[in-house]
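J.: Sharing a model that was predicted from the sequence below.
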Amino acid sequence: MFKKVINTVKFLRVFVTLIRDPTRLDLVLALGDDMDGEDPLDTVPLLRKRPEAVRLFTEPLKHIRVDLKAMKTLPPGTLGRVFADQMEVWGLKQEDTYHTPVAPTNTAKFRIHMEQTHDLWHVLTGFGTDVKGEIGLQAFYIAQLWTPLSFALVSVGFLHTLFYRLNEGQALVSEVARGWLLGKRSRPLFGVDWNELWSVPLEEVRRQFHLDVDAAHAAVPVGDLGDLPQPKAA
């Protein structure tokens, strides 16, 4: 009981700080640490119904092999080439999101797989890496996985917008709606062995997983920024 109270206090402290600055990757990872504990097969029971997810938990973990330099030599338009090009544009390294130590537990396997595929899912879904894009991707996560951390991060996005960027509220809601819609319409991405698909054209991969990014954008137009005044910082 005492440990649960301590974890709750730690969670709230990180949560409030993240509301002020949702760009802090270190705080996002810390929030995930504070929410860890239960087996993801219990917190996300739908994973038990997906063969690719069950294999990820029952077999040795297959790490995503990322060699950005080698991927730059792949033909233009392939998943690996687009991924490498986009990582360069974003100024990111694949290991930037690596955080969880390797361990033979379902929790570790789940987090490692999510960390290794996070930037790839950005490319597959078309969401940017700004705050709105990150929150849109978290809405996609909710639609596909129903993960507690994603609920927390979407809440952070809305509260940050409420206190600091209210005039961007419509745009954020549009991103969340688009992420949810895209996630519900597409095939599950969790547990996929992406190592086999680097040389496949991105658009073909999207078709294979029913990721119709254009249709999601057409269904949910970008929200207007509007002319609401910026609220004073809390």
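T.: Perfect, I can see it now.

J.: Okay, helices next: where are they in the chain?
T.: Assigned by DSSP state H, the chain shows helices spanning 2-20, 25-35, 40-43, 51-58, 68-71, 79-90, 106-125, 131-145, 148-164, 169-185, 202-208, 213-219.

J.: what's in contact with the fourth one?
T.: Helix 51-58 is touched from outside by Leu41, Leu47, Arg48, Lys62, Asn106, Lys109, Phe110, His113, Pro188, Phe190, Gly191, Val192, with contacts defined as C-beta atoms under 8 Å, 6 or more residues apart in numbering. To be clear about C-beta, it is placed using only N, CA and C from the backbone, and glycine gets the same treatment.

J.: do you know how far the fifth one is from Thr73?
T.: Taking C-beta to C-beta, to the nearest Å as the measure, Asn106 and Thr73 are separated by 36 Å.

J.: repeat for the last one
T.: According to C-beta to C-beta, Val192 stands 23 Å off from Thr73.

J.: How about the first one?
T.: Leu41 sits 39 Å away from Thr73 when distances are taken as C-beta to C-beta.

J.: The two: who's more crowded?
T.: Neighbours were counted for Leu41 and for Thr73 using other C-beta atoms under 10 Å; Leu41 has more, 16 against 10.

J.: hey, which of the helices of the chain is tucked in deepest?
T.: Among the helices of the chain, the stretch with the highest mean neighbour count (mean count of other C-beta atoms under 10 Å) is helix 131-145, at a mean of 24.

J.: one step back: max pairwise distance over the contacts of helix 51-58: which two?
T.: Arg48 and Lys62 (19.3 Å; C-beta to C-beta).

J.: So which of those two has more stuff around it?
T.: In this view Arg48 and Lys62 are compared by other C-beta under 10 Å, and Lys62 has more residues nearby, 14 against 11.

J.: wouldn't that one be in contact with Asp193 here?
T.: Yes: the criterion here is C-beta atoms under 8 Å, and Lys62 meets it with Asp193 at 5.9 Å.

J.: Tyr141 versus Val131, what's the distance?
T.: Separation of Val131 from Tyr141 (C-beta to C-beta): 15 Å.

J.: Sorry, wrong one. I was asking about Ala171.
T.: 19 Å.

J.: which residues does Ala152 contact?
T.: Applying C-beta under 8 Å, 6+ apart, one finds that Ala152 lies in contact with Phe15, Leu31, Met35.

J.: If we use 10 Å, what do you get?
T.: Shown in contact with Ala152 (C-beta atoms under 10 Å, 6 or more residues apart in numbering): Phe11, Val14, Phe15, Leu18, Val28, Leu31, Gly32, Asp34, Met35, Gln138.

J.: By pLDDT, give me the weakest of those residues.
T.: For the contacts of Ala152, the model is least confident at Asp34; its pLDDT is 70.

J.: you'd agree that one is up against Arg13?
T.: Yes: here Asp34 lies in contact with Arg13, judged by C-beta atoms under 10 Å, at a distance of 8.9 Å.

J.: Output the lowest mean pLDDT helix or strand found in the protein.
T.: Taking all helices and strands of the chain together, the one with the lowest average confidence (mean pLDDT, DSSP states H and E) is helix 2-20, at a mean of 80.
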